[in-house]
Structures are given as C-alpha cells and as structure tokens.
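Asks: prediction below, plus the sequence it came from.
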Amino acid sequence: MLLDIRDLCSFTDYFVICAGESARQISTINDEIEKDLKKEGVRPHHHEGTLDSGWLLLDYGDVIVHIFGALERNYYKLDELWNEAKAVLRIQ
C-alpha cells in the first residue's frame, strides 16, 4: 500500500506499507528495495527494526517504507491508523 500523508504529517510525504509471509520474505523485500534504490543513488537516511521484531523500517526522507510480518501488520494496522491519508496504490 502507498499512502500520501503530506496533508497529515510534517516528517514525510508517503508511507509504503507491505508485509511478508516469513522472515526470509521480509528480508528479501528489504534487500530488493535497498538494492534497487541504491542503483538509483538513493540510500536510506535511517533504518530500524529486526527480522525478530517482524517490522523493518526504511526511512528515505520523503518516503518511509514499513515492512511487516503478517501478524505484525495486522496488529499495528498502520493503514487504519492513517485512514485519513489518500491511498495512492493498493495491491493485495
């Protein structure tokens, strides 16, 4: 899911929220995002989380990427928390 949160917060413009089915899949999602953006000369300002926590965060400034495990995504429900945001893209 891609959320436009420009009208709702001052620290970023977009949230990317996605989930993996396993630690390996979460790691692969993270690695592929970093690899593809690095090719474009874009590196994260900050990253947080561990595979054990089920939530990885990549902060690219204007875009923050949240990579959850399925249980963690259902628990934190960021898309519901930010329900006033404009959904730019939703893939299920």
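Replies: That came through, no problem.
Asks: K38 belongs to a helix?
Replies: Yes - judged by DSSP: H, G, I helix; E, B strand; the rest coil, K38 forms part of a helix.
Asks: buried stuff in stretch 50-67?
Replies: Within stretch 50-67, the residues that count as buried by 16 or more other Cβ atoms under 10 Å are L51, G54, W55, L56, L57, L58, Y60, V63, I64, V65, H66, I67. Every C-beta, even on glycine, is put in place using the N, C-alpha and C of the backbone.
Asks: turn those residues into CSV, including secondary structure, pLDDT and distance to G20.
Replies: Below are the buried residues of stretch 50-67 laid out as CSV (DSSP: H, G, I helix; E, B strand; the rest coil; pLDDT from 0 to 100; distance: Cβ to Cβ, whole Å):
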residue, secondary structure, pLDDT, distance to G20
L51, helix, 92, 10
G54, coil, 95, 9
W55, strand, 96, 11
L56, strand, 97, 9
L57, strand, 98, 14
L58, strand, 98, 14
Y60, coil, 97, 19
V63, strand, 97, 19
I64, strand, 98, 17
V65, strand, 98, 12
H66, strand, 98, 11
I67, strand, 98, 7
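Asks: which one of those residues sits closest to R6?
Replies: Nearest to R6 among those: V63, at 11.2 Å, using Cβ to Cβ.
Asks: show me where this structure has helices.
Replies: Ranges of helices in the chain, per DSSP state H, are 23-39, 70-76, 78-81.
Asks: possible to save the buried residues of stretch 50-67 as CSV with distance to G41?
Replies: Conversion of the buried residues of stretch 50-67 to CSV gives the following (distance: Cβ to Cβ, whole Å):
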residue, distance to G41
L51, 27
G54, 30
W55, 27
L56, 22
L57, 21
L58, 15
Y60, 12
V63, 15
I64, 19
V65, 17
H66, 23
I67, 22
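Asks: coming back round to it: how about the helices of the chain, which one is nearest I17?
Replies: That would be helix 78-81 among these, by Cβ to Cβ, at 5.3 Å.
Asks: who are the packing partners of the closest one?
Replies: Packed against helix 78-81 by the contact rule (3 or more Cβ pairs under 8 Å, 6 or more residues apart in numbering; DSSP states H and E) you find strand 14-20.
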